[in-house]
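K.L.:
Structure for this input, please:
(chains A and B)
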There are 2 protein chains.
Amino acid sequence: MYAVILAGGIGTRLWPRSRQATPKQMLDLIRPGTTMLQDTCERIRPLVPPEQVYIVAAEFYRALVHEQLLDMPPRNFLGEPSGRGTAPAIGLAAIHIRQNDPDAVMMVLPADHIVQDVEAYQRALAAAAAHARAGYLVTLGIQPRGPETGYGYIERGRLLPRADGGVAYRVARFVEKPDRPTAERFLASGRFYWNGGIFVCRARDMLAEIERLLPELARALAEVETALASGDAKETIARVWPGVPNITIDYGVMERAEHVAVVPLDAGWSDVGTWSSLSEVLPSDAAGNVVLQGDHVALETFGTVVYSHRPERVIATIGLHDFVIVDTGDALLICPKERAQDVKKVVDILKQHGRSALL
Amino acid sequence: MYAVILAGGIGTRLWPRSRQATPKQMLDLIRPGTTMLQDTCERIRPLVPPEQVYIVAAEFYRALVHEQLLDMPPRNFLGEPSGRGTAPAIGLAAIHIRQNDPDAVMMVLPADHIVQDVEAYQRALAAAAAHARAGYLVTLGIQPRGPETGYGYIERGRLLPRADGGVAYRVARFVEKPDRPTAERFLASGRFYWNGGIFVCRARDMLAEIERLLPELARALAEVETALASGDAKETIARVWPGVPNITIDYGVMERAEHVAVVPLDAGWSDVGTWSSLSEVLPSDAAGNVVLQGDHVALETFGTVVYSHRPERVIATIGLHDFVIVDTGDALLICPKERAQDVKKVVDILKQHGRSALL
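P.N.:
Next up, the predicted model:
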């Protein structure tokens, strides 16, 4: 078993804590002292030895990733000159892994998710690996907790024969982010899962599908693979990457691939996409407030998430319901939780104003 | 003409900027670089020479007041060992003033109000002084801007003969803070004013009424006056003050005095009692936001007042309507404007928790 950890995102909606230089997966947002990237590696430790874990991220993050993952061999960091979506990132890892072991199964894991029931998560990954060994591209289907419109959905088809004890279904179809009534119908049907971007497959099956569906990417990867065989591929990657199509693995491969399966995952998963979803997975006090850090003096304040860069700082709130308050010293964010998606618009404005120190 | 400036308040509802050590009247809340106390003195400069201006405040504020009012003779600061309400403070100033000039007219002015139309304010004070010379205790009646329940009201009676050109009425009655329907009736009648706590009278008339209505206070003041005649009264004040009744001039004298008049004032007055009322008298941008200091990045934010102790700090807000955001470094306050009165409850909590550095 191999693992590919995708650590390329910025986590814009978690601004002002998440920044280009320190994106959310490299912050200790959830557990003081441990980053989400470290947690992601820790969770798969019983399944994959550290030398078989690859990290794909912008070249820019090389030093930071090494600092956070001391037992990872340096050559396992696969730096991209620029982000081209998940399909090229996964393809790049797949050629490295196939080179080591032509039959290798790889798990593809975003670095910025959290999972509360780690054992259930490991069981689902093991089941997915068993089906991957039977030739499937397997996606984990997150048991939906509500009719969320912010996720893609996966509809399951017929049950597959159990391979080594794991429940899996054929994928009937992938659905892009639905509107609210559609999401409600999905939930009521009981046949739909959230697409959490977690995949398990043999490296060679993924590369075969890339060859079939994304020939342009396949050609670029072939050049990298040739360079790899003769040593370092860094220069080749730098040369071919700007011409690689910018495309996600869902859109580019999974939605059109043959032999796609889904293994259900009900393990307290969250993609921690926004301050609102982050606060949902953390313990709250009797009033439903989540105080990440800071001295919160709350008057009739409910369901509010509070973070201050200085623990001793008083944050006094009166009459707030379901708010987000995040203070990093150089910036302070205040919004209702229902507007947490729009934090990226603030970042866009700062970009337009050339406030690069805040990005 | 003499002036007595009452500078004893704390301005708790303007926490976290207003603190015991630096109460609102000694802060540059309104105009950068100028405090409300300085503004109060500046506004009456054409009417009263600096050596005839007395400041009454807690002894504790002596140094700060001198620092802010460099042209005030040191002996014009009348320090109270403890605050006993406005009646003792005004009585204390009155005996100092009567000693200088038995016929002196004194204006009593809170240090923590703002006035936008200074000329109209000076005209009203001059008119009030003319009626004071005719033996009236004159109060300025603020033209009400709405059915506020946070102020006392003054009902006017018959028009007085014009003394030196100023319109004035007999006071029919003083009314304590009314409920909303009552305030609406008051406003509709056109006969009511807000009680802004601004009085003009002869020192001896005020002292005569104190003698008649508050004999206990009168006895204490007589002791101070005797001590004054023989030099310094500081020790006498320290001795008698703890036994002086704690009472306001409205309740103790004005509501029960004879010959009470009201001179209307329509001059953009505000007592700047809360962050909400403060923001009402300051210029706002097109969205109705008042940015006192800080780099406000506003997304769909309206009617919100923002202050950051650091001007370059970004305060990003999304979807806020009529909020108060005040950041002093050691503390951050966030509340809807309609809860601005409750800021004092936050201060009470901090007091209970022994957070004296924040008070």
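K.L.:
Which strands or helices does the strand ranked longest in chain A pack on?
P.N.:
Criterion DSSP state E: the longest strand present in chain A is strand A:192-202. If you count contacts as 3 or more C-beta pairs under 8 Å, 6 or more residues apart in numbering or on different chains; DSSP states H and E, strand A:192-202 packs onto strand A:105-110, helix A:118-133, strand A:137-142, strand A:153-159, strand A:260-265. All C-beta atoms are positioned from the backbone trio N, CA, C, and that covers glycine.
K.L.:
which other helices and strands contact the second one?
P.N.:
The one in question is helix A:118-133. Under the contact criterion of 3+ C-beta pairs under 8 Å, 6+ apart, helix A:118-133 touches helix A:36-43, strand A:105-110, strand A:137-142, strand A:192-202, strand A:260-265.
K.L.:
what is the orientation angle of the longest one with strand A:153-159?
P.N.:
Here strand A:192-202 runs at an angle of 70 degrees relative to strand A:153-159 (axes from the mean of the first three to the mean of the last three C-alpha atoms, to 10 degrees).
K.L.:
List the buried residues in strand A:192-202.
P.N.:
By neighbour count on 16 or more other C-beta atoms under 10 Å in any protein chain shown, the buried set for strand A:192-202 is A:Phe192, A:Tyr193, A:Trp194, A:Asn195, A:Gly196, A:Gly197, A:Ile198, A:Phe199, A:Val200, A:Cys201, A:Arg202.
K.L.:
Look up how far chain B lies from the third one.
P.N.:
As for A:Trp194, its distance to chain B is 25 Å (criterion: C-beta to the nearest C-beta, to the nearest Å).
K.L.:
Kindly report the same for the fifth one.
P.N.:
Separation of A:Gly196 from chain B (C-beta to the nearest C-beta): 27 Å.
K.L.:
Next up, the contacts around that residue.
P.N.:
By C-beta atoms under 8 Å, 6 or more residues apart in numbering or on different chains, the contact list for A:Gly196 reads A:Pro110, A:His113, A:Leu140, A:Gly141, A:Ile142, A:Tyr151, A:Leu265, A:Trp269, A:Asp271.
K.L.:
please redo it, this time with the cut-off set to 7 Å
P.N.:
Contact partners of A:Gly196, counting by C-beta atoms under 7 Å, 6 or more residues apart in numbering or on different chains, are A:His113, A:Leu140, A:Ile142, A:Trp269, A:Asp271.
K.L.:
Return the member of those residues nearest to A:Arg219.
P.N.:
Using C-beta to C-beta, A:Leu140 comes nearest to A:Arg219 of the contacts of A:Gly196, at 30.1 Å.
K.L.:
and that closest one, bridged to which residues?
P.N.:
A:Val263 (DSSP bridges).
K.L.:
Count the residues that sit near it.
P.N.:
Residues lying near A:Leu140 (other C-beta atoms under 10 Å in any protein chain shown) number 27.
K.L.:
coming back round to it: just name the closest of the buried residues of strand A:192-202 to chain B, please.
P.N.:
A:Trp194 (25.3 Å; C-beta to the nearest C-beta).
K.L.:
you'd agree the closest one is up against A:Tyr153?
P.N.:
Yes: at 6.3 Å, A:Trp194 and A:Tyr153 qualify as touching, with contact defined as C-beta atoms under 7 Å.
K.L.:
got a pLDDT number for A:Ala163?
P.N.:
pLDDT recorded at A:Ala163 is 66.
K.L.:
Also the one 3 residues further on?
P.N.:
The predicted local distance difference test score for A:Gly166 is 84.
K.L.:
so who does it touch?
P.N.:
Contacts of A:Gly166 (C-beta under 7 Å, 6+ apart): A:Ala126, A:Ala127, A:Ala128, A:Ala130, A:His131, A:Val263.
K.L.:
do the same with A:Gly329
P.N.:
A:His309.
K.L.:
Got the confidence number for it?
P.N.:
pLDDT for A:Gly329: 94.
K.L.:
Now that A:Arg202 has come up, it's in contact with A:His131, right?
P.N.:
No: using C-beta under 7 Å, A:Arg202 is not in contact with A:His131, being 10.6 Å away.
K.L.:
Do you have the helices of the stretch 151-300 of chain A handy? List them.
P.N.:
For the stretch 151-300 of chain A, the helices defined by DSSP state H, counting those that start in this stretch occupy A:180-189, A:203-213, A:215-229, A:234-240, A:249, A:275-280.
K.L.:
How far away from the center of its chain is the longest strand of chain A?
P.N.:
11 Å (C-alpha atoms, centre = their mean, to the nearest Å).
K.L.:
cool, stretch A:199-215 as well?
P.N.:
Distance, stretch centre to chain centre, for stretch A:199-215: 20 Å (C-alpha atoms, centre = their mean).
K.L.:
ok, now which ones touch A:Pro110?
P.N.:
Counting by C-beta under 7 Å, 6+ apart, A:Pro110 has contacts A:Leu6, A:Gly197.
K.L.:
quick one: A:Phe174 from chain B, how far?
P.N.:
With C-beta to the nearest C-beta as the criterion, A:Phe174 and chain B are 31 Å apart.
K.L.:
domain assignment for chain A?
P.N.:
Per automatic domain parsing, the structural domains of chain A span A:2-270, A:275-358.
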